[in-house]
Each structure stands twice: as C-alpha cells, then as structure tokens.
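J.: Give me coordinates for this.
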Amino acid sequence: MCGICGVVGIGSRERGETLVRRMMAAMIHRGPDGEGVLMAPPVACGMRRLSIIDLPGGNQPIWNESNTIALVFNGEIYNFRELRKELESAGHTFRTNSDTEAIVHAFETWGEKCVERLHGMFAFAIIEMPQGPAGRPARVFMARDRMGIKPLYYAIVEDKFFFASEVRALLASEAIPARLSPDALSSYLLFGSVSEPVTLVDGVFSLPPGHYLDIPILRESTPAVTAVAPQPYWNAAKERERRQAPASGGSVESPQARVRSLLEQAVASHFIADVPVGVFLSSGLDSTAIAAIASRTQKSIHTFTVAFPDVEFSTEHSECTLSGDEMLARLDEAVASFDQPSMDGVNTYFVSWAARQAGLKVALSGLGSDELFGGYTSFDATSKVRRLASAARWVPKPLRRWTTPQSGGAKLAGSSPDALRKAAAAWLDPSSLPHPYYFTRSLFTPQVVSDWLHRDGNSWTTTKWGKWLADSANEARSMDEFTGVSWLELRSYLVNTLLRDTDAMSMHHSLEVRVPFLDSSLVEYVLSLPESQKRNPAQPKALLIAALGELLPKDMIAQPKRTFTFPWENWMRGALRERIVAGLGDWSPALEPFLRGENVGQVWDDFLASRTTWSRPWSLYVLNEWVKRNLGGNLSGNSEPRKDAAVSVA
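T.: Alright, predicted model coming up:
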C-alpha cells in the first residue's frame, strides 16, 4: 500500500524531481516506511511505501528482468502467487516476493489486458523504457481497479500530465491551480460527496473505476500531453451476460453455497500479509461475517470498533469509546484528513486511529455487503420513488406544483424530516435526476441546488459527473430492479463516499483497509443472480444470511440493521455546537460567489428547529473547512487546466 505520483511531459530532470518531491511530501502518511523515485525525462514519478508484503524486497519502482519496464503501485494484488506461478512457467524471473512485481511481468506478457488478470485493489503507473533506465520512456500506462477501491487523480496543465493518489498531493505540486469547480460543487450539494469522475478542484479528474489510461510518448524532446481518454476494461452489464449464459454440463452449485465459497476465498486472500491483520467490527452482520469466517482459520485476529458493544469471537477485541468532548478535541484533525469533502467518514477516522494505536497496518472492513445483498433502505425506497415518478408524468407540471405526495414522502425514508422533500422533488420533476434511485441518496434536492447555484434544473446533463450518473443508470436499466439498485449503489454512494472516505481516513493513520465483499469474483457472481434469488421482503440480505448459515448468532439475524454512525444529532446540539456555528459563520471567499452564506445559515436554523437532519449542516461545515484549507480564496490561477482533459466514459 502506497501513495504514487508523477508528471509526464517535463523536459528538465531537476524540475521533474522538484514537482514529484513536493507531491511525495504531501503523501508521507500513505507511506512512512520508504520512498522511491524515477527520473527519466519527459517522465518523473515517485512513491511513498507502507510495507505490507515482502517487507525488505518490495521497494519501488520495481523493474522487469531487462530493466525496460518500471512500475509504481498503490494497493494489493491478492492473486499474485497464482500469477507468479503462471508467469514463471512462461519464463519470467522474479527478483522479489512482492505482489507488485507480478504486475510488471503480467504487463510484459499480456500488455494492457493484464488488468483483466489482476484481482485486488490497485492504482498503478507503468513506464515503458525500451533502452533501459538511462534511455527515453516510450509509454506510460495507468489503471485503477474495477470497484474503485484505490484512488488515482490526474490533471493536464500547460501540456503536462500530472497524476497522484490524492487530490491534495496534486495541489502540493504548486503546478495545479487551486480553483473551485462549480460543476463538482453541484454534485456535492446533491449527494454529500463529489461524484466520479470530477473533483472539487477545477481541472482535476479521477480515473474512473475499471478504467485505464495509455499515454504514448512521441520522439520530440518534450512531448505535449494535450488530451487523454480513459478506456473501460470492465463492464458489469457484459459480465452479467457472460455469467448468465447456460452452463454446459456438470453439477450446478446453489447460490447460497457459491456465495459462501466465494466469500471464504475472499477473506482468506485478504489476510495475505507479512504483518498482523485486524477486522473493523461494528456489531452488524457484514463485519461479523468476516470475523466469523476468519476466526475459523486465522489465529490472533484483532477486532476494533467505536462505541459498540463487544461481540464474542475468538479475537482480541478493542473498543474505542468517544465522548463529545473527545470528538471536539480531535475534530480539526479528522476534518483535515479528507482528501475531498464528504458528509461521512469521521467514524472511519477514529476506528482507524484505534487500530493503528494497537500497532496494526492492515484491517478488513465489511464495506460492499449492503450494496450487493440489499441492506440499505434505498432498495425499497427506489421502488416507491419510481412509482411516484411514473405517476407524476401523467400530471401536468403546473398541477404538480399544487399537490404534495404526503404519504409517499412519509414512507420514503422512515421518520427522516427530509423524506418529504425527496418525494416532493421526484414528484415535481422526475427527470431532474437520471434514475429514481438518485432521489433516495440526495442530500439537498435538485430544485434547491439549482436555486442556490442559479443554474438550470437539468444542467447536470452537461457535466462529466452527470454523464457518469446517466451511464450508470442506463446500465442499471438492463438489470432487474434489485440488481439495478445494487449496481447504482456500487457505482455512486460506495465509490464516491464510502471507499473514498475509507481510503483517506485510514491512510491518514498509515493503515491499509481491505474489503473482501468487493472481491471481483464475488461481486460479479452476485450481480449475475436474478432478484428472485437475492430478495426476500421479510428478510434483508436474505442470500447472505442463508449463505453464512451456522456462522451467525440467531439473535443477530433477527435484529434490525445497525448503522455504524456517531450520535451527531446530540453532539451538534451540544459539544460541537459552538464549533459548527463558528465554522459556518466564517464562510470561505471561494464558496461565496456560488453558495451564499445566508443560505447556509438557514440550513443551520432548520436543524436547530428540527426541520432537517444533522447531515445537511454538517456537510456544509465540512465543505467550508475543506475549501478554506485547500483552496482558500483563490478563484483564478496563472495556469489554466485543460478542460478537454476530461474523462469520456465509454
């Protein structure tokens, strides 16, 4: 696990090293155990290492046998041992025992298709150097894992291509203008996090999950990188078609047995490390399943949680109890840990801190289970919103303005005071978002965001993130409703909020978090199953519970879903109140032209009057703090990021 960075198109070795060193210094928390650089104009790249596998031999860049291919890598490849055997049989010689080296030889053997053979979480850059380390690079190839577990960001400024594991590292280069992106701001206000593939920094983009970038380097002395087009290598809809094809002969394993087998394999592979591995335990079904499976084969597992009671397994359990005063004392550091602002994530900051205090470098998390097996209320709520939106299309819009779906709003999100607003938004303009699901995940409604930002209600359709949402919605429509919501959860809330926050908060503490439920084989198999084999109205996560069988205590199966969250409502009315009021009162000059402080003040007043939930003012507080720390009042810069550097998602 590491942080990687680099620049393509730089003519000076000294200038390249200066830029890379600045980015590396901004990511030292991602890799306190070592560093490595490659300076080969017009390419310069670097990495910071958190050593997990092959502690003495996994330093980067890692080269192939002939020193013509170099790699900087962030992540873990869980099938590297199988790949190594295959590649050694093909004649390759390995110098280390690291998973990183398997990627180098896989690229030698299969080229860009090597990504299809990798199982794990990864973001990497390969530099082809046909004439060796002293020669001139010919190509840079970059890729990100299928689910987007590990991040990779890029920008093109003055015909130079910059990349890094963190947005803040790109800003630290001092070559990227620190400007707020109005398009990304609308995404944040709608959903409480910035949607792929944009970031809150204008001109900085995320390489989307399941995509790669190929940058050929021409023979000129300093080639100009003017545009890039990420290409997909993994498509859920096509993968479903392949898996749903009739099997030819042989016995057919039941879905329950297959899920159990795939999950056991995933947990076992995610425990591969040369350092101790722990488990984040929330007393919920997902993390309990991982701990139960692991405790059957692993020894001395350490489990961690925050403010939840102990669960009996053969593990060493640590519990971090947090008061409002303790939260207040560490709030600044927690908020400063966000690489991009988010309404979520602070809980992961504290549980990661507890795990690192105990000396762990690796922990397993239950992320991905709710998305795959239907643990969220969004699965039922999407059906309600879909029916509401369908009915709205038969009612003239002027008439819709005078009617409010009271009963539908009350049912949309239980007792949440914002439920009616979501239902009313879908009723008033069902086409303002590309799928009913997105209304269930909205923070502020499209109508409110459009009014605040003085934009047309459907302006999202022209944005890069709007295209990402629309493409995901189109893919979901080729699936049954349950699987479609699964896909949208995986492609939006999971990657934009949960995985991004987990990466930022855990890596702030130099902790690697692994997610067995997002093992690609398990994800592909569960997505291939029809709704009838996954959904039971009387039992959420019915397939997972059936697959786990005797591993789960009966009282846990019967209990309602327990969310891993903090008592924000109480804290924001108590210990955190002064801090939030002061923060919202000091509104950033960079935000003011787009989002006025008086609108924010009204949201806080609504919270105090119980007219809205804590998540709305908290999301605005985090947004403001992030912008003040990272963008300040800068609304212009000396260099203009290329807008045609934007992602085109095929």
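J.: only C-alpha atoms for contact and neighbour calcs from this point on.
T.: OK.
J.: For the stretch 151-300 of the chain, just list every one of the strands.
T.: 153-157, 160-164, 204-206, 211-216, 231-232, 277-280 (DSSP state E, counting those that start in this stretch).
J.: Of those strands, give the one that comes closest to Asp605.
T.: Of all the strands of the stretch 151-300 of the chain, it is strand 204-206 that lies closest to Asp605, at 34.2 Å by Cα to Cα.
J.: which strands and helices sit next to the closest one?
T.: strand 153-157 (3 or more Cα pairs under 8 Å, 6 or more residues apart in numbering; DSSP states H and E).
J.: Counting neighbours, show which residues of the strand it packs on come out buried.
T.: Tyr153, Tyr154, Ala155, Ile156, Val157 (16 or more other Cα atoms under 10 Å).
J.: Distance of the fourth one relative to Ala178?
T.: For Ile156, the distance to Ala178 (Cα to Cα, to the nearest Å) stands at 14 Å.
J.: Between the strands of the stretch 151-300 of the chain, which one is closest to Thr461.
T.: strand 204-206 (17.5 Å).
J.: pLDDT on that closest one, on average?
T.: Mean pLDDT, strand 204-206: 98.
J.: And for stretch 268-288?
T.: Rounded mean pLDDT across stretch 268-288 is 84.
J.: first to last residue in that stretch, what's the distance?
T.: Note: stretch 268-288 ends 15 Å apart using Cα to Cα.
J.: and if you look at stretch 164-174?
T.: 13 Å.
J.: Alpha carbons of the host helix or strand of Pro398, as CSV, please.
T.: If you go by DSSP states H and E, Pro398 is part of helix 397-400. The C-alpha coordinates for helix 397-400 follow below in CSV (Å, rounded to 0.1, in the frame of the first residue of the first chain):
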residue,chain,number,x,y,z
LYS,A,397,-46.4,20.2,-14.1
PRO,A,398,-48.4,23.3,-13.0
LEU,A,399,-50.8,20.9,-11.2
ARG,A,400,-47.9,19.1,-9.6
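J.: mind pulling up the phi and psi values for Ala44?
T.: phi -140, psi 130 (degrees, to the nearest 10).
J.: hang on, isn't it packed against Val8?
T.: Yes - assessed by Cα atoms under 8 Å, Ala44 is found in contact with Val8 at 6.6 Å.
J.: about what we covered before: so for Lys464, which of the strands of the stretch 151-300 of the chain sits nearest?
T.: Using Cα to Cα, those put strand 204-206 closest to Lys464, at 9.6 Å.
J.: Can you name the residues that contact Val526?
T.: Val526 makes contact with Val259, Leu372, Phe373, according to Cα atoms under 8 Å, 6 or more residues apart in numbering.
J.: Could you rerun that using 10 Å?
T.: Arg240, Pro255, Arg258, Val259, Leu372, Phe373, Thr483, Ser486, Ser520, Gln533, Lys534, Leu543 (Cα atoms under 10 Å, 6 or more residues apart in numbering).
J.: so where is the stretch 501-650 of the chain shaky, pLDDT-wise?
T.: Scanning the stretch 501-650 of the chain for pLDDT under 70 picks out 555-565, 633-650.
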